[in-house]
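Engineer: Based on what follows, work out the 3D shape:
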Amino acid sequence: MTINVRGGAFCSPEGASGNSSIGTPLVCASSDGGRARWRKQAGTTATNAGTDAGHRRGVLTKLRKLGIKVKRGTPIEELEGLLANPPVPEPEVEPVPEPVVDEAAQLEKDLDFSPSSVGPPIDPDKYAWSGYEDTADPADYELQQREPAAVEPEQPAAPAATPVATPAPEPTRPPAEVAPAAPATPTAPPAPPAGRAPVTVTTGNPVTPRPENHWGADGKAEISYHWDGMIGRTVDHELGDAGRTIHVNGRPLGDHLEVLASRTVKGELHPQEQVTEIRRVAGALPEGREKRVLSNLANELDAPPVTVELPAGTPARLVKLADDLAKIPLARGAGYGEQYELDAIRTVAGRYARGETNGNGLIRELRQSAHNRRHESKEGKVFMDAVITKAVDELERTKREWRRPSS
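Structural biologist: All right, here's what the predicted structure looks like:
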């Protein structure tokens, strides 16, 4: 049995024989007393052309010259078969060159409207409309033109009919005099609530450009609010040009809404009052798209009232904080219905009432779970955080008065 070995590798026992991967006969022998390795047999010749490495290399060289590619390790028999009957290569198809188009000549041909280029002339008899057929004799037309038309004799007048007496018509009564309708009295607009100026709506081109929003740069500026909130999106996308051409109390409608948003951020206008003012402006607008846009805005910024029930033993300042937050639409769930701050107060008050946390824990948990829970673009978020911060500071300052004594 002949084994395949790798030339130069260590081997044992000495005298063993084998063939390389290309068929070269090798023998396990040592040189100069060293370790035995696989070496070529001295003085041996190949008895078969298939085991002759030189013959294999020659066949591969000829195949390479013919442009025939073979896989490594292909038996010598297949190589010799490919050399004897090489595959006929497929003839290469030369690509047909595209005709060169003279653009100037093509353009001149396209613009040529001569009869020869347009096509054969149209045969009028072929396309004549023959919906009606004139069957009159042409001589009749000549007679009508040359001879005057015959005059028919007058018929004798019919005798006059005997008049028949008719009853005299009854005298009609003159129509009763109807008093003219009194002119409609214009309905006066509803009086504004006490302490509020009436809303006057006019239209016209804006006199001044739109003011700059100083959000994040100058908190004391007249316009300073987050433009990604509902009011900012309404001014930028919903109202469009109407936000500049409709004036409220002499100022563009868009500027008026931005002032409301900025006053709430600065703590000058309660969020609920902001919603009320938007409803007043919507009520003063004429029927149309802008009125619907502001009504929808007020509905999105508002939320139904809620009642916060806290367990007995809740610190009075925490109860007051819950009542203050319940007056802010965002805390009541305006927008998507979340009541993060009120839920946090309910949880903290319950843990304090059950003795699961002390006064310091109540303050710490309230600060962590109720403060800064909304994105700054939400209308009323900054105002609400200020209310919570003030309440937490007062609880911290007066905790000696309200905290439960440790057991």
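Engineer: what bridges to Asn4?
Structural biologist: Asn19 (DSSP bridges).
Engineer: That one reaches Ser20, doesn't it?
Structural biologist: Yes - at 7.1 Å, Asn4 counts as touching Ser20 under the criterion of C-beta atoms under 8 Å. All C-beta spots, glycine's among them, are computed from the backbone N, C-alpha and C.
Engineer: the more surrounded of these two?
Structural biologist: Using other C-beta atoms under 10 Å as the criterion, Asn4 and Ser20 rank with Ser20 on top: 17 against 11.
Engineer: Now for the more buried one: which residues touch it?
Structural biologist: Asn4, Val5, Arg6, Gly7, Leu26, Ala53 (C-beta atoms under 8 Å, 6 or more residues apart in numbering).
Engineer: Of these, just the buried ones, PyMOL syntax please.
Structural biologist: Buried subset of these, written as a PyMOL selection, criterion 16 or more other C-beta atoms under 10 Å:
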select buried, resi 5+26
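Engineer: quick one: secondary structure of Trp38?
Structural biologist: On the three-state scheme (DSSP: H, G, I helix; E, B strand; the rest coil), Trp38 is labelled strand.
Engineer: Quick check: phi and psi on Asn296?
Structural biologist: phi -60, psi -40 (degrees, to the nearest 10).
Engineer: That one and Thr357, how far apart?
Structural biologist: In this view, Asn296 and Thr357 are 43 Å apart by C-beta to C-beta, to the nearest Å.
Engineer: same check, this time on Ala334
Structural biologist: For Ala334, the distance to Thr357 - C-beta to C-beta - is 30 Å.
Engineer: For those two, work out which one has more neighbours and name it.
Structural biologist: Between Ala334 and Thr357, counted using other C-beta under 10 Å, Ala334 has the larger neighbour count: 22 against 16.
Engineer: Look at that one and give its secondary structure.
Structural biologist: From three-state DSSP, the assignment for Ala334 is coil.
Engineer: ok, now which ones touch it?
Structural biologist: Counting by C-beta under 8 Å, 6+ apart, the residues that Ala334 touches are Glu300, Leu301, Asp302, Ala303, Glu379, Gly380.
Engineer: Of those residues, keep whichever come out buried.
Structural biologist: Leu301, Asp302, Ala303, Glu379, Gly380.
Engineer: mind giving me the domain ranges of the chain?
Structural biologist: 1-44, 52-84, 201-301, 316-402 (automatic domain parsing).
Engineer: Now distance to Val93 too, for the ones you listed, in CSV please.
Structural biologist: Formatted as CSV, those follow (distance: least, C-beta to C-beta, whole Å):
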stretch, distance to Val93
domain 1-44, 39
domain 52-84, 18
domain 201-301, 61
domain 316-402, 67
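Engineer: what's the closest non-adjacent residue to Ser17?
Structural biologist: Spatial nearest neighbour of Ser17, chain neighbours left out: Val27 (5.2 Å); criterion: C-beta to C-beta, 6 or more residues apart in numbering.
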